[in-house]
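**Student:** Sharing a model prediction with you, sequence too.
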Amino acid sequence: MFRRLFKAGLFIVSFLPAVALIYGALNNQLGANPIEVLTRDTGEWALRFLLITLAVSPLRLLFGWHFLADVRRLLGLYSFFYAVCHMLLYIWLDQFFSLTDIINDIIDRPFITVGFISFLALIPLAVTSNNAMIKRLGAERWNRLHRLVYYISIGGVIHFFMLVKKDITEPVIYIIILAVLLGIRLYRYSRRSLISA
């Protein structure tokens with residue numbers, strides 16, 4: 001019962017940033033450049049949910065919070081949801097669906113290149129985030145595919161760091177969080193290798 005309520009509550013809470021952005025846009029509360037705010041904030045929420053998803057395994061390991069395994073897929077899909085919103089806002093409100101301008105942007109601006117590649121890599125993870133695809137691919141191949149999340153998260157923080165022009169405090173915080181999360185995984189992997197050697 002607790003797990004169901006927790007999952008339902010998390011689903012609602014995770015959607016609240018989108019509600020806040022929609023409300024702000026409809027009521028002219030996003031400042032002088034609402035397009036920039038919408039695009040930036042959806043991108044940041046995509047990155048936040050990606051890092052939260054990566055935090056599930058370390059939290060289970062350190063604190064025994066095994067119930068978090070039930071919501072890892074939900075968190076990952078919310079990361080994809082906000083990433084899709086981020087990309088659509090960029091294509092629609094920033095580039096006005098101009099394929100030529102989008103391609104030139106991807107080629108000429110490295111932070112766009114990194115962000116676009118990271119987004120494309122996120123798509124197969126979202127598509128295969130269901131039990132049917134796990135059975136179809138097989139657990140081993142599915143796990144190999146979903147290790148892409150590590151490279152996507154690295155790409156995400158690099159994209160954000162390159163985007164920020166003045167105060168880099170926030171992207172640096174994300175870089176540190178990611179380094180800790182990946183460091184824990186590397187430590188566990190090295191210990192397993194030593195034990196099995």
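**Tutor:** It's in. Residues are numbered from 1 along each chain as shown.

**Student:** contacts and neighbour counts: CA atoms only from here.
**Tutor:** OK.

**Student:** burial of residue 132, as a residue count?
**Tutor:** 10 (other C-alpha atoms under 10 Å).

**Student:** And what about it, helix, strand or coil?
**Tutor:** helix (DSSP: H, G, I helix; E, B strand; the rest coil).

**Student:** For residue 4, see how far away it is.
**Tutor:** Look at residue 132 and residue 4: by C-alpha to C-alpha, to the nearest Å, they are 21 Å apart.

**Student:** and what of residue 171?
**Tutor:** Relative to residue 4, and taking C-alpha to C-alpha, residue 171 is found at 34 Å.

**Student:** More neighbours: which of the two?
**Tutor:** Taking other C-alpha under 10 Å, residue 171 and residue 4 do not tie; residue 171 has more neighbours (20 against 11).

**Student:** thought that one was touching residue 157?
**Tutor:** Yes - the criterion here is C-alpha atoms under 8 Å, and residue 171 meets it with residue 157 at 6.5 Å.

**Student:** what's the most centrally placed residue in the chain in contact with, if anything?
**Tutor:** Centroid-nearest residue in the chain, with C-alpha atoms, centre = their mean: residue 50, separated by 3.1 Å. Listed by C-alpha atoms under 8 Å, 6 or more residues apart in numbering, the contact set of residue 50 reads 75, 76, 79, 153.

**Student:** tell me which element the third one falls in.
**Tutor:** Same thing as residue 79. In this structure, residue 79 sits in helix 72-89 according to DSSP states H and E.

**Student:** Can you dump the C-alpha atoms of the helix or strand just after that helix in CSV for me?
**Tutor:** Once the chain leaves helix 72-89, the next helix or strand it forms, by DSSP H and E, is helix 99-108. Taking Å, rounded to 0.1, in the frame of the first residue of the first chain, the C-alpha atoms of helix 99-108 are listed here in CSV:
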residue,chain,number,x,y,z
LEU,A,99,15.3,22.6,-40.3
THR,A,100,18.1,24.5,-41.9
ASP,A,101,18.6,26.7,-38.8
ILE,A,102,18.4,23.7,-36.5
ILE,A,103,21.1,21.8,-38.5
ASN,A,104,23.3,24.9,-38.6
ASP,A,105,22.8,25.4,-34.9
ILE,A,106,23.8,21.8,-34.2
ILE,A,107,26.9,22.2,-36.3
ASP,A,108,28.0,25.6,-35.3
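
**Student:** ok, and for helix 99-108, which residues are buried?
**Tutor:** 102, 106 (16 or more other C-alpha atoms under 10 Å).

**Student:** Packing partners of that helix?
**Tutor:** helix 110-127 (3 or more C-alpha pairs under 8 Å, 6 or more residues apart in numbering; DSSP states H and E).

**Student:** The helix it packs on packs against which elements?
**Tutor:** helix 72-89, helix 99-108, helix 148-163.

**Student:** Residues contacting it, please?
**Tutor:** 76-77, 80, 83, 105-107, 145-146, 148-149, 151-153, 155-156, 158-160, 162-163.

**Student:** Swap in 6 Å and give it another go.
**Tutor:** 106, 152, 155, 159, 162 (C-alpha atoms under 6 Å, 6 or more residues apart in numbering).
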